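A.B. asks: dropping the sequence and predicted coords here.
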Amino acid sequence: MDPHLLRTYVTVARLGSFSAAARELGYTQSAVSQHIAALETDLGLVLLGRRPVAPTPAGERLLEHAGSLLLRLDAARADLARYAAPPRRTLTLAATPLALHPRVLAALPATGVTLRTLPRDGVPTAVATGGADLGLVDGVAAPSDPLRLPDVAPLTALAVAEEPLAVVLPAGHPLARRTRLDLADLVDARWLDAPDAGLPLDRLRAAHGAPGGHGFRPSLRYEGTDARTVAALAAAGHGLALLPRSATPLASDAALVPLAAPRLVHRTELLHGREPDGPVAELVRRLGHREAADR
């Protein structure tokens with residue numbers, strides 16, 4: 001299967017238009033049509049309906065494979081390109097907002113760093129495909145357990161930080177005077193839905209084992225990346241939030257109650273490809289006091 005034809009097919013299916021795909025890919029519309037026809041001939045299947053332009057059932061199944069296939073090819077190209085690259089003097093670090101632990105920030109070089117904030121699933125992809133030299137990801141895990149990351153390419157993960165979790169709520173909330181809280185006490189509460197700045201609600205449900213994905217009902221949805229805003233929204237009564245202790249500078253109208261059960265921590269991991277060099281290798285050395293785990 002020719003990856004160029006596959007990439008053209010994915011673009012047409014995503015945009016629902018041969019002409020729009022041609023503009024995005026820099027091809028003529030005739031070339032796009034030829035690519036689709038060649039791929040359909042190769043597979044012996046009709047992949048796209050023409051009016052409207054939409055995937056057939058066979059085309060839908062191909063789309064399920066196409067993303068990971070193309071990503072693996074991009075990752076392989078980026079990995080091999082490192083052998084021809086000159087010695088690096090700078091580094092690009094892709095990170096989820098909550099992965100910027102104080103220990104990590106203190107270890108960064110004084111100059112030559114580009115820091116890019118991405119969603120959780122985007123960080124491994126950026127490292128695998130050469131969009132970033134290093135990645136920082138975070139998540140909820142049992143103490144010393146590795147994070148579950150998408151399998152985009154062979155990457156090495158180093159645990160660089162684990163810290164307690166705490167529930168953020170208004171100072172006047174009935175639970176604010178507790179010395180600790182259990183997730184089981186909070187299943188029916190209203191929670192802030194802040195997937196890029198807080199801990200996603202689906203992960204709280206999974207950690208609690210809520211049957212059928214129930215519980216932890218969303219209230220206000222926040223689509224930004226600032227954990228301080230999440231804490232401020234929780235303090236204002238718009239919903240509870242679960243955040244790592246280091247990410248929650250609190251105002252006087254907020255309370256922070258440690259999470260006691262289940263026994264979970266906020267974990268941060270550093271991701272890199274094979275054989276880091278230059279400032280990349282130096283940062284890995286500074287942060288790599290824990291055992292590396294190949295993914």
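C.D. replies: Done, it's in.

A.B. asks: which stretches in the protein count as strands?
C.D. replies: 48-50, 53-55, 91-95, 113-117, 134-141, 156-163, 165-170, 181-182, 190-193, 217-221, 241-244, 254-261, 265-272, 292-294 (DSSP state E).

A.B. asks: redo those as CSV? Include mean neighbour count, distance to Asp2 and mean pLDDT.
C.D. replies: Every residue, glycine included, has its C-beta placed from N, CA and C. Shown next, in CSV, are these (neighbours: other C-beta atoms under 10 Å; distance: least, C-beta to C-beta, whole Å; pLDDT from 0 to 100):
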stretch, mean neighbour count, distance to Asp2, mean pLDDT
strand 48-50, 14, 16, 89
strand 53-55, 17, 18, 92
strand 91-95, 23, 30, 93
strand 113-117, 14, 32, 92
strand 134-141, 24, 30, 92
strand 156-163, 19, 32, 90
strand 165-170, 23, 48, 92
strand 181-182, 18, 55, 92
strand 190-193, 20, 42, 94
strand 217-221, 13, 42, 92
strand 241-244, 26, 46, 90
strand 254-261, 17, 51, 89
strand 265-272, 24, 30, 92
strand 292-294, 11, 31, 40
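
A.B. asks: I'd like these as CSV, with distance to Pro124 appended.
C.D. replies: Formatted as CSV, the strands of the chain follow (distance: least, C-beta to C-beta, whole Å):
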stretch, distance to Pro124
strand 48-50, 30
strand 53-55, 27
strand 91-95, 9
strand 113-117, 13
strand 134-141, 6
strand 156-163, 9
strand 165-170, 23
strand 181-182, 32
strand 190-193, 23
strand 217-221, 25
strand 241-244, 20
strand 254-261, 26
strand 265-272, 6
strand 292-294, 13
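
A.B. asks: figure out which of the ones you listed is closest to Ala227.
C.D. replies: Closest to Ala227 of these is strand 241-244 (C-beta to C-beta; 6.0 Å).

A.B. asks: which residues touch Arg72?
C.D. replies: By C-beta atoms under 8 Å, 6 or more residues apart in numbering, Arg72 lies in contact with 152-153.

A.B. asks: distance of it relative to Ala37?
C.D. replies: Arg72 is 25 Å from Ala37, where distance means C-beta to C-beta, to the nearest Å.

A.B. asks: ditto for Ala106
C.D. replies: From Ala106 to Ala37 the distance is 57 Å (C-beta to C-beta).

A.B. asks: looking at these two, which is more packed in?
C.D. replies: More crowded of Ala106 and Ala37, by other C-beta atoms under 10 Å: Ala37, with 13 against 8.

A.B. asks: so what pLDDT did the more buried one get?
C.D. replies: pLDDT for Ala37: 93.

A.B. asks: check the one 4 residues further on too.
C.D. replies: Note for Thr41: predicted pLDDT of 92.

A.B. asks: helices of the stretch 101-250 of the chain, start to end?
C.D. replies: 102-107, 122-128, 201-208, 227-235 (DSSP state H, counting those that start in this stretch).

A.B. asks: out of the ones you listed, which gets nearest to Pro3?
C.D. replies: Comparing those by C-beta to C-beta, helix 122-128 comes nearest, at 15.9 Å.
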